[in-house]
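In: Quick one: sequence plus predicted model below, questions after.
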Number of protein chains: 2
Amino acid sequence: MTRSASRATVAGRLSEFDLIEELFAPLATAPGAFRLKDDAAQIAPLRGHGLVVTTDALVAGVDFFAADPPAQVAKKALRVNLSDLAAKGARPFAYLLTLILPRSTKQAWLNAFARGLREDQSRFAIALLGGDISSTEGPLTVSITALGRAPRGGMLRRRGARIGDLVFVTGTIGDSAGGLALLRASDGGGTSPAQRRRLIQAYRVPTPPVRFGLSLPGLASAAIDVSDGLLADLGHVAEASGARILIEAARLPRSGALRALWGDGLRAVARAAGAGDDYQIAFTAPRRAESKILAAAARAQTRVTRIGRVEKGSGVTLLDDKGRPIGARHAGFTHF
Amino acid sequence: MTRSASRATVAGRLSEFDLIEELFAPLATAPGAFRLKDDAAQIAPLRGHGLVVTTDALVAGVDFFAADPPAQVAKKALRVNLSDLAAKGARPFAYLLTLILPRSTKQAWLNAFARGLREDQSRFAIALLGGDISSTEGPLTVSITALGRAPRGGMLRRRGARIGDLVFVTGTIGDSAGGLALLRASDGGGTSPAQRRRLIQAYRVPTPPVRFGLSLPGLASAAIDVSDGLLADLGHVAEASGARILIEAARLPRSGALRALWGDGLRAVARAAGAGDDYQIAFTAPRRAESKILAAAARAQTRVTRIGRVEKGSGVTLLDDKGRPIGARHAGFTHF
């Protein structure tokens, strides 16, 4: 882990050396991390496995609210990366952390942030491998690079969906967007306080199905993490696979909280399917794999719902109860 | 490579999808990068090699000037990372790029930035593997994670210096600090315009000795990249190795341009040795390796200077012509 010589302190008093030593070195428990005491970290090869790597950054005021609880910011920053690995069927094991801190950052904020990292390291069996701390005149920014091991045969791809495959998604869709809408002080609809908390929590701390993702290689034909929005992301799968994806609106898994917030009409379904930041996995698989997929979902205690099928053609189409296409104007996406 | 759904455009018109497709996908030439068309990238294991990974971020207004030429910002962002790999004896092969852009970023800036990346990819035989693009209300920020292959036996460490070893450094020391001083509009001393350009260039675009670094495993006992300042960084080596490092001030390699700027007295030498951002390699090696080291330096066309020795004790001491310690008050560092 490094820091720049030109700026000796953050958080008013603690030097960046102290920060690394006190807060982050204890998180660097992997042998190749050298307790953040070297210029770089080392990863030993694992026989028969490839490495999968992804990077995602969160910026205060864009991806989270500056006043969000710091432990939750830490978890979100980690989990948006773990979500990418989960969708590729890779087992996460380490991450690098770059923290760009406003000079006004408080020690208490950093303590809570490090606690959030520690809790998620334990939950997901990962360790800090290295990083960088810097300062900025702008908003706090967290950039994470996460590393996973791909099983023999390589990582799952967006391409690979075949005509006749079924389409699945984990968890529920739209909760994060509902939570964001609530945080922006829109009307709470018919939600209870507990439901509002649940939706806001979905926005602040996603729960990517990391364990379930490990069972996807060998079962799924293509997979993607749902970050741009379910329809947009399945559009990426359709394009990469050279196929058309049909989604039955009535099958889209939505939480009771989101139904209470946005209602049950087609417009509400399309809104959920067009919203982003779900950090679930959307994937395709041959029909014969369905029972194994559902068994794996049960073992991982992950909700998995069959939502559609793959056909000849291109693009993604949302279908109503009678199998009629719902106009794309409802879907809230523009990217394909 | 990813982008967030909540912000469709940067640079006024181009969507982040377009940016990735037009500017960055052509840089993603490694097979496991999938042309930035997937959630993550894949790295195949290389038999007998471990992976070395490092990350460093640059923030406008802190690590570079917002008005610096964008191609040079790109190169600096890459090279501060390549410097870490070089000091560990690792061969760089790929990097991930996170770009946090103010909304005012111009297309021309991004074009030139991508050109800088492309030129350095060719120079250092590396390729873009993945990344993230985000927006900010604050200054432009570039975060890079660089990957290298460590030879059999693992990467060079900061620890490993032994009593009796010699101490070496590549290149010249202090040029970057001299360039920064000039950019801050301080007096140009006796420098010529060409000398001032050379010092400013050293600040804007470091030239880490990547090729020479590859010959260090098997020859050097410990190594570090000079980023905090030569004395501070050798202090890290001394501490990690449980030894004392003595440096002869008269031997410190300084460019003619820096001598013209800061003069030749002990204070000028100590200033160069205490300054940072050199992105050279400081390393220790047994006496018997010296001739091989100099031969490797000649092959790599890298200047390498013997500057001191390793003794029993702790810390780093700068010695004058008569072998007397120069007070640490001259050295401008506080970290050990």
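Out: Sure thing, it's come through.
In: Next, the angle from the longest strand along chain A to strand B:91-102.
Out: If you go by DSSP state E, chain A has its longest strand at strand A:91-102. Per axes from the mean of the first three to the mean of the last three CA atoms, to 10 degrees, the angle that strand A:91-102 makes with strand B:91-102 is 50 degrees.
In: Just checking: what are the partner strands of strand A:91-102?
Out: Taking DSSP bridges as the criterion, strand A:91-102 forms sheet pairs with strand A:127-136 (parallel), strand A:141-150 (antiparallel).
In: got CSV for those, with mean neighbour count and distance to residue A:48 too?
Out: All C-beta spots, glycine's among them, are computed from the backbone N, C-alpha and C. Converted to CSV, the strands paired with strand A:91-102 look like this (neighbours: other CB atoms under 10 Å in any protein chain shown; distance: least, CB to CB, whole Å):
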stretch, mean neighbour count, distance to residue A:48
strand A:127-136, 25, 21
strand A:141-150, 27, 10
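In: Point out where the stretch 51-200 of chain A drops to low pLDDT.
Out: The stretch 51-200 of chain A contains residues with pLDDT under 70 at A:186.
In: ugh, typo on my part, it should be the stretch 201-336 of chain A
Out: If you take pLDDT under 70 as the line, the stretch 201-336 of chain A has these spans: A:328-336.
In: Can I get the following helix or strand past the longest strand of chain A in CSV, CA atoms only?
Out: Downstream of strand A:91-102, the first helix or strand assigned by DSSP states H and E is helix A:107-124. Extracted in CSV, the C-alpha atoms of helix A:107-124 (Å, rounded to 0.1, in the frame of the first residue of the first chain):
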residue,chain,number,x,y,z
GLN,A,107,-11.1,9.6,11.9
ALA,A,108,-14.4,8.2,13.1
TRP,A,109,-15.6,7.9,9.5
LEU,A,110,-12.5,5.9,8.6
ASN,A,111,-12.8,3.7,11.6
ALA,A,112,-16.3,2.7,10.6
PHE,A,113,-15.3,2.3,7.0
ALA,A,114,-12.6,-0.1,8.0
ARG,A,115,-15.0,-2.0,10.2
GLY,A,116,-17.4,-2.4,7.3
LEU,A,117,-14.5,-3.9,5.2
ARG,A,118,-13.6,-6.2,8.1
GLU,A,119,-17.1,-7.5,8.4
ASP,A,120,-17.4,-8.2,4.7
GLN,A,121,-14.0,-9.8,4.5
SER,A,122,-15.2,-12.3,7.1
ARG,A,123,-18.6,-12.8,5.4
PHE,A,124,-17.1,-13.4,1.9
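In: how about helix A:107-124, does it reach chain B?
Out: No. Helix A:107-124 lies apart from chain B when judged by CB under 8 Å from any CB of the partner chain; the minimum separation is 15.4 Å.
In: what is the orientation angle of that helix with strand A:91-102?
Out: In terms of direction (the same axes, to 10 degrees), helix A:107-124 departs from strand A:91-102 by 170 degrees.
In: can you dump the C-alpha coordinates of the longest strand of chain A into PDB?
Out: The C-alpha coordinates for strand A:91-102 follow below in PDB (Å, rounded to 0.1, in the frame of the first residue of the first chain):
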ATOM      1  CA  ARG A  91     -14.600 -17.300  -6.200                       C
ATOM      2  CA  PRO A  92     -13.500 -14.000  -4.800                       C
ATOM      3  CA  PHE A  93     -10.400 -14.100  -2.600                       C
ATOM      4  CA  ALA A  94      -8.800 -10.700  -2.500                       C
ATOM      5  CA  TYR A  95      -9.100  -7.000  -3.300                       C
ATOM      6  CA  LEU A  96      -7.100  -3.800  -3.700                       C
ATOM      7  CA  LEU A  97      -8.500  -0.600  -2.300                       C
ATOM      8  CA  THR A  98      -7.900   3.000  -3.400                       C
ATOM      9  CA  LEU A  99      -9.300   5.600  -1.100                       C
ATOM     10  CA  ILE A 100      -9.400   9.200  -2.300                       C
ATOM     11  CA  LEU A 101     -10.300  11.300   0.800                       C
ATOM     12  CA  PRO A 102     -11.400  14.900   1.200                       C
END
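In: Show me where chain A has its strands.
Out: Counting by DSSP E, the strands of chain A are A:2-3, A:41-43, A:50-59, A:91-102, A:127-136, A:141-150, A:166-170, A:222-225, A:244-248, A:281-285, A:304-311, A:315-319.
In: And the strands paired with strand A:91-102: which comes nearest residue B:162?
Out: Proximity to residue B:162 (CB to CB) singles out strand A:127-136 among these, at 26.2 Å.
In: Relative to chain B, how far out is the closest residue to residue A:188 other than its chain neighbours?
Out: Nearest-residue entry for residue A:188: residue A:196, 5.7 Å, with adjacent residues in sequence omitted and distances by CB to CB, 6 or more residues apart in numbering or on different chains. Using CB to the nearest CB, to the nearest Å, residue A:196 is found at 21 Å from chain B.
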